[in-house]
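J.: Sharing a model prediction with you, sequence too.
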Amino acid sequence: MKLTDLLRGEHAAFNALLDEIEELNSVSGEVAQIESTVTVLKTELRSHAALEEKLLFPALKPFAKTDELFAEMHADHERIRHELEQIENARDIDEALDAVGKILGVARRHFKSEEEKLYGLADEALDEEALDRLSEAWAAARSEKRS
């Protein structure tokens, strides 16, 4: 399986978590419930972003116009981390709900952009063998993380 397919699969799981957070937000869930889901999301997103930056960015570096794309993706990763921390650090439900509203839009836009631009470039520029090697490195990193 290609690395880009694996990363898209992770996005699907993240979107499910975002949906759960959005539902908790709409029913005015308790801060603890929202924080619990956000903690899972934050842990997985941090790992996901790190693997993209460690595996995919270097593989795409030789191709034109990647510096601007990488800067955009990295800035998005940082903004998402920041918004997740705002939820975790919320002192009350109103602060948490405000931060939730921000993260939902930011993360969903980022995933869409990443799938179209970054993964699209990878699918066009890298051959199947390269994408398979990257997916093996991804699997090894994921396995290592879980041990």
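T.: It's in.
J.: residues of whichever strand or helix holds Arg142 that come out buried?
T.: According to DSSP states H and E, Arg142 maps onto helix 128-146. Neighbour-count burial for helix 128-146 flags Leu131, Leu134, Ser135, Ala137, Trp138 (criterion: 16 or more other CB atoms under 10 Å). From N, CA and C alone the C-beta is placed, and that goes for glycine too.
J.: One more: stretch 75-83?
T.: Quick answer for stretch 75-83 (16+ other CB under 10 Å): Asp76, His77, Ile80, Glu83.
J.: would a markdown table of the residues you listed with distance to Leu18, secondary structure and pLDDT be doable?
T.: Listed next are these as a markdown table, based on distance: CB to CB, whole Å; DSSP: H, G, I helix; E, B strand; the rest coil; pLDDT from 0 to 100:
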| residue | distance to Leu18 | secondary structure | pLDDT |
| --- | --- | --- | --- |
| Asp76 | 14 | helix | 92 |
| His77 | 15 | helix | 91 |
| Ile80 | 11 | helix | 88 |
| Glu83 | 11 | helix | 84 |
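J.: Kindly indicate which of those lies nearest Ser26.
T.: Of all those, Ser26 sits closest to Glu83, with 17.8 Å by CB to CB.
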